[in-house]
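Colleague: Everything below, folded, please.
(one chain, ligands or ions: 2)
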Amino acid sequence: MMPGFAHRLTALASCLSLSLAAAALAGPPKGAPVKPDAAELATSQALTKGLKGKIVWSTSRDGNHDIYIMNIDGSDMKPLTKGPKTDWYSHFSPDGKQVLFCRSKIDWIIETDANYPERWDTWVINTDGTGEKVLIPNSSWADWTRDGKAIVYAKGAKVFKCNTDGTGESLILDVEGIKKGVLVEHPHLSDDGKLLALTLRGTGRETGIYNLETKSYFTSGGGCELSFFPGLRKGIRVNETGIGGTSIFAFDIKPDGTHGKIEAGKIEGKSIVFMDMPGRRSHEYFPRLSPKGDYMIWGITQYGHDHDLADYEIYLWKVGDPPEKAARLTWHSGNDRWPDIWFE
Ligand SMILES: [Ca+2]
Ligand SMILES: [Ca+2]
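Modeller: Ligands and ions are numbered 1, 2, ... in the order given. All right, here's what the predicted structure looks like:
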């Protein structure tokens with residue numbers, strides 16, 4: 001019995017890895033709508049009732065990744081972008097009138113290729129669907145600065161800044177100065193423009209903070225998707241520990257960009273776990289704070305990990321509430337990733 005059972009398990013495992021590899025080649029899952037669970041829906045309605053604003057995110061529900069937009073309460077959901085290219089990493093301008101996003105040059109490009117700038121362009125579109133255009137060719141990981149006066153983005157190992165019309169490109173940092181062969185993901189500038197949060201990949205996998213004044217680098221340890229809270233010397237990032245394999249950390253950052261040593265989810269004995277959803281759906285990624293820092297929007301999946309293939313759903317949480325009060329905002333078995341929120 002055992003050899004047969006083991007054989008079937010091995011066959012199943014190789015089938016699974018083959019089908020995952022095939023999915024990565026063929027494109028993201030189209031999925032299907034999911035009937036909302038009554039209790040989850042009631043929690044969502046309780047949190048989002050009366051909140052005025054919009055949510056954008058990237059979803060594969062039309063068979064490729066488009067940017068979708070909806071009201072915070074889930075009403076008026078519609079595609080903001082359309083077409084076979086891979087659209088993702090969408091961010092509202094602070095006035096809520098425009099959305100920056102990353103678009104592939106050929107139809108399907110996996111997210112782990114985000115650091116090859118020649119495969120992507122940064123686009124902008126008005127939230128009413130007009131004015132779609134390429135803003136920064138050959139770039140990825142673009143986001144507005146908090147004041148909305150500039151855009152920060154990456155090209156491989158280099159982080160640049162430009163004006164909101166795409167002109168005036170200037171180099172902020174080449175992370176190869178930190179370590180040869182590293183690439184940069186998800187660069188994020190502090191509100192005062194003095195610190196740059198980095199997720200490094202390539203020859204070095206870690207997060208860290210670069211002080212642009214003293215030109216010194218401080219490693220934050222492992223994890224990814226490090227960014228700053230609005231207005232505060234505080235960082236937020238995903239860590240590869242927790243229920244479901246990940247959790248979200250938040251911790252104070254000193255003015256020089258350093259922080260206390262992170263050990264087992266704690267700094268100086270105090271927990272820095274910001275969100276680790278109880279229950280089976282707890283593999284968290286893409287944390288994004290609202291402009292005032294009073295809400296967090298992010299994605300969680302129950303199965304799998306791939307940022308652009310797994311069935312992530314978008315959640316919203318009022319900072320400080322018990323995690324059980326977090327609201328599920330999407331109900332679709334396709335991939336839903338990298339959300340942003342804007343309040344009126
Ligand atoms: Ca978790
Ligand atoms: Ca989903």
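
Colleague: Can you tell me the centre-most residue of the chain?
Modeller: The chain has Phe286 as the residue nearest its centroid, 2.9 Å off, counting by Cα atoms, centre = their mean.

Colleague: Can you spell out which helices and strands pack onto the helix or strand encompassing it?
Modeller: Under the criterion DSSP states H and E, the helix or strand holding Phe286 is strand 283-289. Using 3 or more Cβ pairs under 8 Å, 6 or more residues apart in numbering; DSSP states H and E as the contact test, the elements touching strand 283-289 are strand 224-228, strand 234-239, strand 247-252, strand 273-275, strand 295-301, strand 336-343. No exception for glycine: its C-beta is placed from N, CA and C like everyone else's.

Colleague: what pairs with that strand, and is each one parallel or antiparallel?
Modeller: Its sheet considered, strand 283-289 pairs with strand 295-301 (antiparallel) by DSSP bridges.

Colleague: can you give me the strands for the stretch 1-150 of the chain?
Modeller: Secondary structure of the stretch 1-150 of the chain, counting by DSSP state E, counting those that start in this stretch: strands at 53-59, 66-71, 78-79, 87-92, 98-104, 120-126, 133-137, 140-144, 150-155.

Colleague: For ligand 1, what is the nearest residue in the stretch 1-150 of the chain?
Modeller: For the stretch 1-150 of the chain, the residue closest to ligand 1 is Glu40, as judged by Cβ to the ion, at 17.0 Å.

Colleague: pretty sure that residue contacts Thr330?
Modeller: No: the pair Glu40 / Thr330 is not scored as a contact, 11.1 Å apart, by Cβ atoms under 8 Å.

Colleague: and the two? which has more neighbours close in?
Modeller: Neighbours around Glu40 and Thr330, counted as other Cβ atoms under 10 Å, are more numerous at Thr330. The numbers are 25 against 15.

Colleague: Pull the contacting residues for that one.
Modeller: Going by Cβ atoms under 8 Å, 6 or more residues apart in numbering, Thr330 touches 57, 59, 313-314, 336.

Colleague: for Arg237, same thing?
Modeller: By Cβ under 8 Å, 6+ apart, the contact set of Arg237 is 197, 199, 207, 220, 223-227, 248-249, 287.

Colleague: Near the residue in the stretch 151-300 of the chain that ligand 1 sits nearest to, how many other residues are there?
Modeller: In the stretch 151-300 of the chain, the residue found nearest to ligand 1 is Ser282; the distance is 3.4 Å by Cβ to the ion. By the criterion of other Cβ under 10 Å, Ser282 has 19 neighbours.

Colleague: With Glu240 as the reference, measure out to it.
Modeller: 13 Å (Cβ to Cβ, to the nearest Å).

Colleague: what do these two both touch?
Modeller: Residues touching both Ser282 and Glu240 (Cβ under 8 Å, 6+ apart) are Thr246.

Colleague: related to what we said a few turns ago, got a PyMOL select line for the buried ones in the contacts of Arg237?
Modeller: Selection command for PyMOL covering only the buried members of those, criterion 16 or more other Cβ atoms under 10 Å:
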select buried, resi 197+199+207+220+223+224+225+226+227+248+249+287
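
Colleague: Closest one to ligand 2 out of the contacts of Arg237, please.
Modeller: Using Cβ to the ion, Pro287 comes nearest to ligand 2 of those, at 16.9 Å.

Colleague: Now the stretch 51-200 of the chain against ligand 2: closest residue?
Modeller: Thr59 (7.2 Å).

Colleague: Run a quick neighbour tally on that residue.
Modeller: When neighbours are counted by other Cβ under 10 Å, Thr59 registers 26.

Colleague: Contacts only, for it.
Modeller: 65-66, 68, 330, 332, 334-337.

Colleague: want to throw those residues into JSON lines with distance to Ser216 and pLDDT?
Modeller: Compiled in JSON lines, the contacts of Thr59 are given as follows (distance: Cβ to Cβ, whole Å; pLDDT from 0 to 100):
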{"residue": "His65", "distance to Ser216": "37", "pLDDT": "98"}
{"residue": "Asp66", "distance to Ser216": "41", "pLDDT": "98"}
{"residue": "Tyr68", "distance to Ser216": "40", "pLDDT": "98"}
{"residue": "Thr330", "distance to Ser216": "41", "pLDDT": "98"}
{"residue": "His332", "distance to Ser216": "44", "pLDDT": "98"}
{"residue": "Gly334", "distance to Ser216": "43", "pLDDT": "98"}
{"residue": "Asn335", "distance to Ser216": "38", "pLDDT": "98"}
{"residue": "Asp336", "distance to Ser216": "38", "pLDDT": "98"}
{"residue": "Arg337", "distance to Ser216": "33", "pLDDT": "98"}
